[in-house]
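Enquirer: The following comprises the amino acid sequence and a computationally predicted model.
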Amino acid sequence: MNTGRMHLTATRRVAVVGPTASGKSAVAMAAARARPDVEIVSVDSMQVYCGMDIGTAKPSADDQRAVAHHMIDLVEPTQEFTVAEFQRSYELVTRGIEDRGHHALLVGGTGLYHRAAIDHLDLPGEWPHIRAKLQLEAVDPGLETLYERLVSVDPLAAARIEPTNERRLVRALEVCEGSGRQFSSYGPGLESYPPSPVVQIGLMWPRDVLATRVAERVQSMLRAGLLAEVRRLAETGLSKTAAQALGYKELLAYDRSEVTYDEAVDQIIVRTRQFAVRQIRWFRRDPRVRWINIEHDPVAEVCPLVLAALV
RNA sequence: GGUCGAGUAGCUCAGUCGGCAGAGCACACGCCUGAAAAGCGUGGGGUCCGGGGAUCGACGCCCCGCUCGACCA
């Protein structure tokens, strides 16, 4: 059809995964600088928001000038963003990269977005009015009633969802009622890891070292002006999704005088550390990830492997 | 120096009348298909400050000591 087709077999996709503060971006940047035909694709649920720069550890303007970056600054922070939108944009972006005969280097820590991209998850649609109705029912008749309904409508989905998990319960029913199809009928589920042409390289640190890196990074974000950034964004308001970003959420609470500054900072560090652990737990389930135990320098220790995977 | 209070899980603290020690947070582990930096679940943890005493039995009562805090000198 076009030259993109011809390049398909020649281009590679490599993904750098791992927890926050593990050095993924630095590795990717080094690899892209060494290979002019590499373009970086951010796989990060918060870097898509314009203006949320410091707190999301977004690549610097210089880095973005030096190397093509994608999936960054896609929407205003007043807007919502979802996996489905990420998936759609990702398809367009990677097609463009391949048309140019370039390689896509996926970098980021949002596990679900990686799965949506790499495994082309069959995401069910959205039925906001049904969801709104269900959210009300979750309060009034209660979760028990909703769960029983899911058990009768989609037993398999019910078996995979804890009765107290309102969010997933509502979503499953929303899909069942909205699509007329069982929620569980969409794809094989996240526990299935089919073979993929995407080479995934994971950065792993000892837990205590990672905790130190997280604390240091939070402090360095604060020194770089995170509070001012949060206050600037607060003027126009943040969407529900953007407002829950680590660092932003806690500093907004501080500005509402709900916590002291020191408490807010402590919370950012603790929650970021917990997030990092959750990321590790997500990615380590994927048997396709090749893990590298970092000793000292992520760039020196991982960049050569990334370049090798790019052929 | 004296009086009073406190000392229990990594942290902050509950613990009735003496009957095998509890919560929240932290931590560990699991789950996750349109909020995913979100959401949900499971679990391991104790010299009850130390020593002595009365009691069938003490975290709890009595005595001695240690540490911290407040107040009085």
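Expert: Everything's here; your move. Residues are numbered from 1 along each chain as shown, chains lettered A, B, ... in the order given.

Enquirer: contacts and neighbour counts: CA atoms only from here.
Expert: Will do.

Enquirer: Please report how far the residue nearest to the spatial centre of chain A lies from A:Pro124.
Expert: The centroid of chain A falls nearest to A:Thr110 when counting by C-alpha atoms, centre = their mean (2.1 Å). Applying C-alpha to C-alpha, to the nearest Å, the value for A:Thr110 to A:Pro124 is 19 Å.

Enquirer: again with A:Pro155
Expert: 18 Å.

Enquirer: Contact partners for the residue lying closest to A:His120 once chain neighbours are set aside?
Expert: Sequence neighbours aside, A:Gln87 is the residue nearest to A:His120 in space, at 7.8 Å (criterion: C-alpha to C-alpha, 6 or more residues apart in numbering). Applying C-alpha atoms under 8 Å, 6 or more residues apart in numbering, we find A:Gln87 in contact with A:113, A:116-117, A:120.

Enquirer: One more: A:Leu233?
Expert: Taking C-alpha under 8 Å, 6+ apart, one finds A:51-52, A:77 in contact with A:Leu233.

Enquirer: same question, A:Leu210
Expert: With C-alpha under 8 Å, 6+ apart, A:Leu210 has these contacts: A:21-22.

Enquirer: Ok, A:Ser184 next?
Expert: Contacts of A:Ser184 by C-alpha under 8 Å, 6+ apart are A:154, A:156-157.

Enquirer: Could you check how many residues crowd around the closest residue to A:Gly247 other than its chain neighbours?
Expert: Spatial nearest neighbour of A:Gly247, chain neighbours left out: A:Ile268 (5.5 Å); criterion: C-alpha to C-alpha, 6+ apart. By other C-alpha atoms under 10 Å, 22 other residues sit near A:Ile268.

Enquirer: quick one: contacts for A:Ile268?
Expert: Applying C-alpha under 8 Å, 6+ apart to A:Ile268 gives the contacts A:218, A:246-247, A:250.

Enquirer: ok, of these, which one's closest to RNA strand B?
Expert: Nearest to RNA strand B among the contacts of A:Ile268 is A:Leu246, at 3.8 Å by C-alpha to the nearest atom of the strand.

Enquirer: For that closest one, which three-state class applies?
Expert: Three-state assignment for A:Leu246 (DSSP: H, G, I helix; E, B strand; the rest coil): coil.

Enquirer: What helices and strands are in contact with the helix or strand A:Arg131 falls within?
Expert: Assigned by DSSP states H and E, A:Arg131 falls within helix A:128-139. Helix A:128-139 sits against helix A:143-153, helix A:166-179, with contacts defined as 3 or more C-alpha pairs under 8 Å, 6 or more residues apart in numbering; DSSP states H and E.

Enquirer: Tell me which of those helices lies nearest to RNA strand B.
Expert: Of all the helices and strands packed on helix A:128-139, helix A:166-179 sits nearest to RNA strand B, with 4.8 Å by C-alpha to the nearest atom of the strand.

Enquirer: How about residues contacting the closest one?
Expert: Residues contacting helix A:166-179 (C-alpha under 8 Å, 6+ apart): A:124-127, A:130-131, A:134-135, A:138, A:143, A:146-147, A:150, A:153-154, A:157-158, A:161-163, A:181-183.

Enquirer: mind running it again at 6 Å?
Expert: Residues outside helix A:166-179 that contact it (C-alpha atoms under 6 Å, 6 or more residues apart in numbering): A:127, A:130-131, A:182-183.

Enquirer: any idea which of those residues has the most stuff around it?
Expert: For these, the largest neighbour count, defined by other C-alpha under 10 Å, is 25 neighbours, found at A:Phe183.

Enquirer: what's near enough to touch that residue?
Expert: By C-alpha under 6 Å, 6+ apart, the neighbours of A:Phe183 are A:172, A:175-176.

Enquirer: Neighbour count for the residues you listed - can I get that in CSV?
Expert: Formatted as CSV, the contacts of A:Phe183 follow (neighbours: other C-alpha atoms under 10 Å):
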residue, neighbour count
A:Ala172, 24
A:Val175, 21
A:Cys176, 20
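
Enquirer: of these, list those near RNA strand B.
Expert: With the criterion set as C-alpha under 7 Å from any atom of the strand, the members of the contacts of A:Phe183 near RNA strand B are A:Ala172.
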